[in-house]
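Participant: Build me a model from this:
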Amino acid sequence: MNKSTSDAHLPGLRQPAPATDGLDVPFWEGTRAHELRVQRCSNCKVHQWGPEWMCHACNSMELDWVNIDPVGRIYSWQRPHHPVHRALTDRGPYIIVLVELPQADNIRMVGNLLGDPLQEIEIGAPVSVIFEDHDDGDPEFTLVQWEVTSGS
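Facilitator: Numbers count the residues shown, from 1 in each chain. Purely as a prediction, here's the structure:
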């Protein structure tokens, strides 16, 4: 699923855009294509996140980027009420989740949980990605946001 900038989680806020070079470029290219990509070692086949030059499991330097199902479960969460930047002074509270991705060796990825910022959060709740397009960015970019889904 995707969202446009007009109904984005933080509408009207000029957000920093991802760098156009660096180790995480394949991740950002994937988000623009509405694909969730993570690294996987060509040698031992273990997935990892965040992007690194070397495999965390076997120290191989042979890493590929692979698409994974954009679903996971809430491993942990936090509800900040204070702004983390002065541009966000009227944007709290909001929910930050640490999402575990079982289909990718249980790696964990941080993101925002969309919906009511005062909603009850359940550890282990299933979530899926919402790709939030920011076509007004320079360059254009897409954020990975999360929403609670039904099922397990």
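Participant: in stretch 28-35, what's buried?
Facilitator: Applying a neighbour-count criterion of 16 or more other CB atoms under 10 Å, one finds 28, 30, 31, 35 buried in stretch 28-35. Just so you know, the C-beta spots here come from the backbone N, C-alpha and C atoms, and that holds for glycine as well.
Participant: which ones are touching residue 114?
Facilitator: Residue 114 is in contact with 9, 130, 145, 146, 147, counting by CB atoms under 8 Å, 6 or more residues apart in numbering.
Participant: Most neighbours of all the residues you listed, which one?
Facilitator: residue 146 (24 neighbours; other CB atoms under 10 Å).
Participant: where's residue 26, which helix or strand?
Facilitator: Assigned by DSSP states H and E, residue 26 belongs to helix 25-32.
Participant: helices or strands next to the following helix or strand past that helix in the packing?
Facilitator: The C-terminal neighbour of helix 25-32 among helices and strands, as given by DSSP H and E, is strand 36-41. With contacts defined as 3 or more CB pairs under 8 Å, 6 or more residues apart in numbering; DSSP states H and E, strand 36-41 has these neighbours: helix 25-32, strand 47-48, strand 63-68.
Participant: and with 10 Å instead?
Facilitator: helix 25-32, strand 47-48, strand 63-68, strand 107-113, strand 126-134 (3 or more CB pairs under 10 Å, 6 or more residues apart in numbering; DSSP states H and E).
Participant: Please report how far residue 127 lies from residue 120.
Facilitator: 14 Å (CB to CB, to the nearest Å).
Participant: now swap in residue 39 and tell me
Facilitator: Counting by CB to CB - residue 39 and residue 120 are separated by 34 Å.
Participant: who has more neighbours, those two?
Facilitator: A count of neighbours by other CB under 10 Å puts residue 39 above the other of residue 39 and residue 120, at 25 against 7.
Participant: isn't that one right up against residue 57?
Facilitator: No: applying CB atoms under 10 Å, one finds residue 39 not in contact with residue 57, separated by 11.1 Å.
Participant: Spit out the contact partners of residue 131.
Facilitator: Contact analysis of residue 131 by CB atoms under 10 Å, 6 or more residues apart in numbering lists 1-3, 30-36, 70, 142-145.
Participant: Report the helix or strand with the lowest average pLDDT across this structure.
Facilitator: strand 2-3 (a mean of 53; mean pLDDT, DSSP states H and E).
Participant: So for residue 32, what's the nearest residue that isn't a sequence neighbour?
Facilitator: Of all residues not flanking residue 32 in the chain, residue 142 sits nearest, at 5.1 Å (CB to CB, 6 or more residues apart in numbering).
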